[in-house]
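Participant: A predicted structure for the sequence below; I have some questions about it.
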Amino acid sequence: MKNTVDMEKLVSLCKRRGIIFQSSEIYGGMNGCWDFGPVGCELKRKVKDLWWKDVVQHHDNVVGMDASIIMHPRIWEASGHVANFKDVMVDCKECKRRYRIDHVEGDCCPECGGEFTEPRDFNLMFKTYVGAVADDASVAYLRPETAQAIFAQFLTVLNSSRQRVPFGIAQIGKSFRNEITPRNFIFRSREFEQMELEFFVEPGTDEDWNNYWVERRIKWYHKIGIKPERLRIRPHEKDELAHYAKSCVDIEYEFPFGWQELEGIANRSDFDLSQHQEFSGKKMNYRDPITGKDFIPWVIETSAGVDRIVLTVLADAYEEQFLAEDDTRVVLHLAPCVAPVQVAIFPLFKKPQLQEVAKKIEENLRKHALTSYDEIGSIGKRYRRQDEIGTPFCVTVDYETLEDNAVTIRFRDSMEQERISLDRIVSFISEQLDF
């Protein structure tokens with residue numbers, strides 16, 4: 001079923017509920033930069049934690065690293081970013097708007113119909129200077145991807161972690177691209193986070209490992225609650241492939257603005273390690289301690305954008321339900337494992353005896369789940385607030401609780417309620433959050 005979510009309403013919800021809002025808003029905002037609020041940063045953290053759990057913790061041959069954002073500029077020469085990491089842009093001579101040439105159709109400005117300038121290259125890397133003097137010798141760059149640090153540290157990590165090929169190095173971190181036209185909310189930004197795995201394999205085994213990671217990654221999206229019918233695997237055509245890539249597929253999601261890439265999975269051959277060997281003068285060969293085989297490993301890369309996945313989770317979960325005339329419920333149907341608040345606890349009224357029990361329940365649950373305590377407003381308004389941030393369970397303490405030692409659990413999606421004893425709350429919630 002086509003995704004018909006109104007992006008303006010989704011953006012409004014994100015600001016209203018402290019999920020995502022414009023950076024530097026009191027100064028007019030910063031185009032292409034976004035801040036994650038109290039709810040948003042928890043959602044983002046859950047996405048990263050679940051990725052790390054699936055990619056690193058569930059594999060005994062994958063380790064992690066956290067590299068610096070600013071690295072030696074020769075790394076970007078070796079990778080080809082200095083020479084080739086460019087978009088082609090045009091300007092409108094009339095309204096002065098700027099466009100990536102592949103984002104416009106025809107020869108005229110889509111806003112005013114004005115004539116375009118001649119196309120010209122635009123390097124997407126942010127340039128900076130290291131040290132006290134800003135000259136050519138001190139030029140450095142904010143990294144446009146996290147992968148190159150992994151390639152540069154391949155042997156160091158391999159030897160210190162005592163791994164054998166096949167093995168992988170995973171990293172989550174900030175990247176920066178000076179996009180000509182950031183757009184579609186947080187889908188295309190100038191500052192963003194990536195989750196990347198570089199998996200090093202023996203030549204000849206690359207296709208099997210490539211297939212393994214494609215299957216593994218698509219299943220992960222299903223596990224975090226993304227609707228399978230809005231996901232697809234799109235193999236790259238030959239004219240799309242980078243010159244060094246043997247193959248590449250994109251995992252795409254059907255956003256309200258069309259099918260777009262969430263994650264790329266590429267068989268990068270031995271290009272990256274060979275390039276760094278050439279530019280650094282350091283050998284990147286691997287010698288297997290058991291078989292004695294000596295080779296430069298090939299790389300299977302999985303590269304996903306954290307911000308894009310957060311947007312996917314939100315767009316996929318958003319729904320407006322028309323319950324009655326003048327009564328519309330906005331709800332995020334988030335999977336419990338990814339919800340920024342997993343259980344909310346309410347006293348039915350602001351009475352000390354109810355507040356005391358509710359706060360004790362929240363304190364106990366906090367050790368097992370992401371919780372929220374709320375005693376402000378009517379119970380109906382509190383439910384709706386939690387619906388809008390995707391809280392799957394709400395626990396209400398009422399006067400009956402003082403007599404029967406039970407509470408009411410309200411389920412977000414069905415709005416049905418169930419009575420459950422106090423001694424079962426922790427086990428019940430824990431079972432629902434299993435990933």
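Facilitator: The structure has been received and is ready for your questions. Residues are numbered from 1 along each chain as shown.
Participant: use CA for all of it now, contacts and neighbours both
Facilitator: OK.
Participant: helices and strands of this structure: which one bottoms out on pLDDT?
Facilitator: Ranked by mean pLDDT, DSSP states H and E, the weakest helix or strand in the chain is strand 120-123, scoring a mean of 80.
Participant: Determine the next helix or strand in the C-terminal direction from it.
Facilitator: Note on strand 120-123: by DSSP states H and E, the next helix or strand toward the C-terminus is strand 126-129.
Participant: what pairs with that following strand, and is each one parallel or antiparallel?
Facilitator: strand 139-142 (antiparallel) (DSSP bridges).
Participant: Can you point out the buried residues in the partner strand?
Facilitator: 140-142 (16 or more other C-alpha atoms under 10 Å).
Participant: OK, contacts around Tyr221?
Facilitator: Under the criterion of C-alpha atoms under 8 Å, 6 or more residues apart in numbering, Tyr221 has no neighbours.
Participant: Please identify the helix or strand for it.
Facilitator: helix 206-223.
Participant: Provide the strand pairings for the helix or strand that comes right after that helix, with the direction of each partner.
Facilitator: Note on helix 206-223: by DSSP H and E, the next helix or strand toward the C-terminus is strand 231-235. According to DSSP bridges, strand 231-235 forms sheet pairs with strand 247-255 (antiparallel).
Participant: strands paired with the helix or strand following the partner strand, and their directions?
Facilitator: Note on strand 247-255: by DSSP H and E, the next helix or strand toward the C-terminus is strand 258-267. Take DSSP bridges as the rule and strand 258-267 pairs in its sheet with strand 247-255 (antiparallel), strand 298-305 (antiparallel).
Participant: which of the residues in the next helix or strand after strand 258-267 are buried?
Facilitator: With elements assigned by DSSP H and E, the helix or strand that comes after strand 258-267 is helix 271-280. Within helix 271-280, the residues that qualify as buried by neighbour count (16+ other C-alpha under 10 Å) are 271-277.
Participant: The helix holding Tyr221 to strand 258-267, inter-axis angle?
Facilitator: Between helix 206-223 and strand 258-267, the angle comes out at 140 degrees (axes from the mean of the first three to the mean of the last three C-alpha atoms, to 10 degrees).
Participant: Show me what counts as buried in helix 206-223.
Facilitator: The neighbour-count check on helix 206-223 (16+ other C-alpha under 10 Å) flags 206, 209-210, 213-214, 217-218, 221, 223 as buried.
Participant: ok, these vs Arg97, which is closest?
Facilitator: Proximity of the buried residues of helix 206-223 to Arg97 (C-alpha to C-alpha) peaks at Tyr221, which lies at 36.8 Å.
Participant: Distance-wise, check that closest one relative to Glu145.
Facilitator: The gap separating Tyr221 from Glu145 is 22 Å, by C-alpha to C-alpha, to the nearest Å.
Participant: now do Lys381
Facilitator: Using C-alpha to C-alpha, one obtains 43 Å as the distance from Lys381 to Glu145.
Participant: who's more crowded, those two?
Facilitator: Glu145 (21 against 11; other C-alpha atoms under 10 Å).
Participant: Helix or strand: which one has the more buried one?
Facilitator: Following DSSP H and E, one finds Glu145 outside all helices and strands.
Participant: Over to Ser372?
Facilitator: For Ser372, the enclosing helix or strand under DSSP H and E is strand 371-373.
Participant: Please report how far the residue nearest the centre of the chain lies from Glu196.
Facilitator: Nearest to the mean C-alpha position of the chain, counting by C-alpha atoms, centre = their mean, stands Val306 at 1.5 Å. As judged by C-alpha to C-alpha, Val306 and Glu196 stand 10 Å apart.
Participant: same check, this time on Trp213
Facilitator: From Trp213 to Glu196 the distance is 12 Å (C-alpha to C-alpha).
Participant: same question, Arg16
Facilitator: The spacing between Arg16 and Glu196, counted by C-alpha to C-alpha, is 31 Å.
Participant: What of His333?
Facilitator: 27 Å.
Participant: Between those two, which has more neighbouring residues?
Facilitator: Glu196 (26 against 23).
Participant: quick one, phi psi at that one?
Facilitator: As for Glu196, its main-chain torsions (degrees, to the nearest 10) stand at phi -130, psi 140.
Participant: dump the residue contacts of it.
Facilitator: Going by C-alpha under 8 Å, 6+ apart, Glu196 touches 146-147, 170-172, 301-304.
Participant: now the helices for this protein?
Facilitator: 7-16, 38-52, 73-79, 81-84, 147-152, 154-161, 206-223, 271-280, 306-317, 352-365, 379-388, 401-404, 425-432 (DSSP state H).
Participant: Residues touching the fourth one, excluding its own?
Facilitator: Applying C-alpha under 8 Å, 6+ apart, the external contacts of helix 81-84 come out as 76-77, 123, 125.
Participant: which of these are buried?
Facilitator: Using 16+ other C-alpha under 10 Å, the buried ones in these are 76, 123, 125.
Participant: so the second one touches Asp87, yeah?
Facilitator: It refers to Asn123. Yes. Contact criterion C-alpha atoms under 8 Å: Asn123 and Asp87 qualify, at 6.6 Å.
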